[in-house]
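Participant: Sequence below, structure please.
(2 chains)
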Amino acid sequence: MTTTPQQKTPGKPATPVRTASGRQGAARSDSRIFGGVSNTVLAIWAIIVIAPIIWVFLSSFKNTEEIFNSPWTLPGSLRFDNWARAWSKAHVGRYFLNSVLVVSLSTFGTMLLGSMAAYVLARYKFIGNRPIYYMFVSGLAFPVFLALVPLFFVVKNLGLLNTYQGLILVYIAYSLPFTVFFMHSFFKTLPNAVAEAAMIDGAGHAKLFFRVMLPMAKPGLVSIGIFNILGQWAQYLLPVVLLSSAKDKWVLTQGIADISVNAGYEADWSGLFAALSIAILPMILMYALLQRQIQAGLTAGAVK
Amino acid sequence: MRQGKYLFVYSFLLAPVALYATFVIAPYVQAFYISLTSWRGFTAPKYIGFENYQRLLHDEHFWKAVRHHIVLLIALPIVTIGIALFFAFLLNVGGGSQGGVRKGVWGSKFYRVVFFFPQVLAVSVIAVMFQVVYRPNSSGLINGVLMKLGLDPVYFLSNPDLALWSILAVMVWQAVGFYVVLFSAGMASVPADIYEAAELDGATRMTLFFKVTLPLLWDTIQVAWVYLGIAAFDAFALVSVLSVGNNGGPDWNTTVIGVEIYQNMQQNKYGYASAMGVALFFLTITFAALTLRVSKRETIEM
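Facilitator: Purely as a prediction, here's the structure:
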């Protein structure tokens, strides 16, 4: 603190130093109050964020009577049968595994096709390069709702309505714009020297991509991979439209929404809380393990 | 070798381009044509010019939806960015300076991790969670507490004056953490000596915030505004799960265009649903263009 003014005004160091330190002394107690107030404000928001989630977990072990009469107490006992009922009878297990199946295949497909397209668009000169790149990137500007009606019929006419394949292909297609945009800028920055060396060693174009360039792009692949996994896992509109009459293939997001509608008719509130907990728990675990990568991946688009 | 190159390029592009053209480009292009037709899905679409759009002008539900988007468009960014900026400032520079380095308040890492978490949850899961949080009887999180205190329950989702704001609150709840992280990244890149110099000149925390942090973060705030604006044009999952009666709320008091499009699709009114899609597209584009226009400023060199 004291060195800066001296550097900036080497001629008269004494006066600014004194004012600075004097102000700092007065500011210290002010700083403590300010720190206390801001900690309180931040703690309140933390509670607002955490409280509903904890409450859902607590309620998932209660019975209906406890849910209505003592909403804010601990459950009388750990009723794991609520979870078992949600998992099997309310089909949450089925929905969960469907989501895992669909998202793992669609994210893999997105990463593979997206980085293939981004790679050739970023590093090869050919006629049509720019138009194809802009075609991909323009997809970022259009709301999915605009395409919804025709998309439904495209999928229907291909015989892919109410199938996993249809949903997976649509997920991949709609994830391509951002994936291509992101990986394109990533491949642009990779050094030419390595690519040239590999070519001299006799590597073909495809081998160069899979053995050299793709491993070098790993940080970018991790970010965009997390972005796609979370985005496709959270997708609600597309499965609701494209899987509507195949209940055995429903993904978790639409399944949970359906359970919440039916919970009212069946009066199985504890089952609903258990279903919610099953949907939230894996995300907490994943977030605990990969918190930094997830933050980096999700903000990747905005920071660039 | 040259021929090998072209073969390679086209073989790599074939699958992604084919997939993208089939499922993304073709539907977008068709949507504009279908919006000019009357189409129930069984026979071929019948061209009717701008009739769907004329109907749209007199569709009360559509205009309610547009009004809701405008409310969200104004309130969501202001509230979210306001809260997030404030928190990010506290977390990064609120703790005063120590040895010349500006510090965040104690526990700032913990807060950042917690605040961000809702971003990881699927919106429909959050919607279902808040449906139970908002429940109108003693089994709801908020009303359970209110009724224990002897107060009247608040009808968050069935009171027409309150329903849209209740949904907005959920959007803010989820979004704040994301923008705290985003703004924190921006604040971290502001060189420490700028703060130092300002403080030496006697700047208070208020001045620091408004005269130093805010102008230097302007680009990031602009990005945030566009993102939140686009989110304000969606809200489909939240509204379709949270609204009472499955129809966009009490007397369509929370409906949004996405829900209207979906409802019309369910009734096989494909031409009309597409016209709404086109309208939504132009609303979104207009918003994005206006934001970038209005908020354009000289970038401050750092």
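Participant: which secondary structure element contains the residue nearest the centre of chain B?
Facilitator: Nearest to the mean C-alpha position of chain B, counting by CA atoms, centre = their mean, stands residue B:231 at 2.1 Å. Using DSSP states H and E, residue B:231 sits in helix B:218-232.
Participant: I'd like the next helix or strand past that helix.
Facilitator: helix B:236-242.
Participant: OK, now which residue of the stretch 51-200 of chain A is nearest to chain B?
Facilitator: residue A:71 (3.1 Å; CB to the nearest CB). For the C-beta atoms, the positions are set from N, CA and C on the backbone; glycine is no exception.
Participant: what residues are up against that residue?
Facilitator: Contact analysis of residue A:71 by CB atoms under 8 Å, 6 or more residues apart in numbering or on different chains lists A:55, A:59, B:138-141, B:144-145, B:148.
Participant: 10 Å instead, please
Facilitator: The contact partners of residue A:71, taken as CB atoms under 10 Å, 6 or more residues apart in numbering or on different chains, are A:55, A:58-59, A:62, B:132, B:135, B:137-145, B:147-148.
Participant: Pretty sure it sits in a strand.
Facilitator: No: using DSSP: H, G, I helix; E, B strand; the rest coil, the assignment for residue A:71 is coil, not a strand.
Participant: what's around the residue in chain B that chain A sits nearest to, how many residues?
Facilitator: Closest approach between chain B and chain A, counting by CB to the nearest CB: residue B:144, at 3.1 Å. Residue B:144 has 22 neighbours, counted by other CB atoms under 10 Å in any protein chain shown.
Participant: Quick check: phi and psi at the nearest residue to residue B:86 once chain neighbours are set aside.
Facilitator: In this structure, residue B:86 finds its nearest non-sequential neighbour in residue A:41, 8.0 Å apart by CB to CB, 6 or more residues apart in numbering or on different chains. The phi/psi pair for residue A:41 (degrees, to the nearest 10) reads phi -60, psi -50.
Participant: Residue A:41 - how many residues pack around it?
Facilitator: Neighbours of residue A:41 (other CB under 10 Å): 16.
Participant: Quick check: it touching residue B:89?
Facilitator: No: using CB atoms under 10 Å, residue A:41 is not in contact with residue B:89, being 11.1 Å away.
Participant: and stretch B:192-210, does that touch chain A?
Facilitator: Yes: using CB under 10 Å from any CB of the partner chain, we find that stretch B:192-210 touches chain A at B:192-193, B:196-197, B:199-202, B:204-205.
Participant: In a markdown table, list the residues you listed along with neighbour count, distance to residue A:275 and secondary structure.
Facilitator: Shown next, in a markdown table, are those (neighbours: other CB atoms under 10 Å in any protein chain shown; distance: CB to CB, whole Å; DSSP: H, G, I helix; E, B strand; the rest coil):
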| residue | neighbour count | distance to residue A:275 | secondary structure |
| --- | --- | --- | --- |
| B:192 | 14 | 49 | helix |
| B:193 | 13 | 53 | helix |
| B:196 | 18 | 53 | helix |
| B:197 | 15 | 55 | helix |
| B:199 | 23 | 52 | helix |
| B:200 | 19 | 57 | helix |
| B:201 | 9 | 57 | coil |
| B:202 | 10 | 57 | coil |
| B:204 | 13 | 50 | coil |
| B:205 | 19 | 46 | helix |
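Participant: Using JSON lines, please lay out those together with pLDDT and distance to residue A:162.
Facilitator: Below are those laid out as JSON lines (pLDDT from 0 to 100; distance: CB to CB, whole Å):
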{"residue": "B:192", "pLDDT": "78", "distance to residue A:162": "58"}
{"residue": "B:193", "pLDDT": "83", "distance to residue A:162": "61"}
{"residue": "B:196", "pLDDT": "81", "distance to residue A:162": "63"}
{"residue": "B:197", "pLDDT": "85", "distance to residue A:162": "64"}
{"residue": "B:199", "pLDDT": "79", "distance to residue A:162": "63"}
{"residue": "B:200", "pLDDT": "84", "distance to residue A:162": "68"}
{"residue": "B:201", "pLDDT": "85", "distance to residue A:162": "67"}
{"residue": "B:202", "pLDDT": "81", "distance to residue A:162": "68"}
{"residue": "B:204", "pLDDT": "81", "distance to residue A:162": "62"}
{"residue": "B:205", "pLDDT": "79", "distance to residue A:162": "58"}
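Participant: Which one of those is nearest to residue A:51?
Facilitator: Within the residues of stretch B:192-210 next to chain A, proximity to residue A:51 (CB to CB) peaks at residue B:205, which comes in at 29.1 Å.
Participant: what kind of secondary structure is the closest residue to that closest one other than its chain neighbours in?
Facilitator: Nearest residue to residue B:205, sequence neighbours excluded (CB to CB, 6+ apart): residue A:34, at 6.8 Å. At residue A:34 the chain is in helix, as set by three-state DSSP.
Participant: Could you say which helix or strand holds residue A:102?
Facilitator: Going by DSSP H and E, residue A:102 is in helix A:92-123.
Participant: Let me see the mean pLDDT of that helix.
Facilitator: If you average the pLDDT over helix A:92-123, you get 97.
Participant: now it, how far from the centre of its chain.
Facilitator: Taking CA atoms, centre = their mean, to the nearest Å, one finds the center of helix A:92-123 at 13 Å from the center of the full chain.
Participant: Same question for stretch B:190-204.
Facilitator: So, by CA atoms, centre = their mean, the centroid of stretch B:190-204 is 34 Å from its chain's centroid.
Participant: repeat for stretch B:139-147
Facilitator: With CA atoms, centre = their mean, you get 28 Å for stretch B:139-147.
Participant: Can you point out the buried residues in it?
Facilitator: Residues B:139-144, B:147 are the ones in stretch B:139-147 that count as buried (16 or more other CB atoms under 10 Å in any protein chain shown).
Participant: Quick check: mean pLDDT of it?
Facilitator: Here the average pLDDT along stretch B:139-147 is 89.
Participant: Output it as CSV, nothing but the C-alphas.
Facilitator: Extracted in CSV, the C-alpha atoms of stretch B:139-147 (Å, rounded to 0.1, in the frame of the first residue of the first chain):
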residue,chain,number,x,y,z
SER,B,139,-47.5,-29.1,3.3
GLY,B,140,-45.8,-26.3,1.4
LEU,B,141,-42.4,-25.1,2.6
ILE,B,142,-43.3,-21.4,2.9
ASN,B,143,-47.0,-21.8,3.8
GLY,B,144,-46.2,-24.5,6.3
VAL,B,145,-44.1,-22.0,8.2
LEU,B,146,-46.6,-19.2,7.7
MET,B,147,-49.5,-21.3,9.0
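Participant: Give me the contacts around that stretch.
Facilitator: A:51-52, A:55-56, A:59, A:62, A:64, A:66-72, A:269, A:273, B:129-138, B:151-156, B:166.
Participant: Thanks a lot, catch you later.
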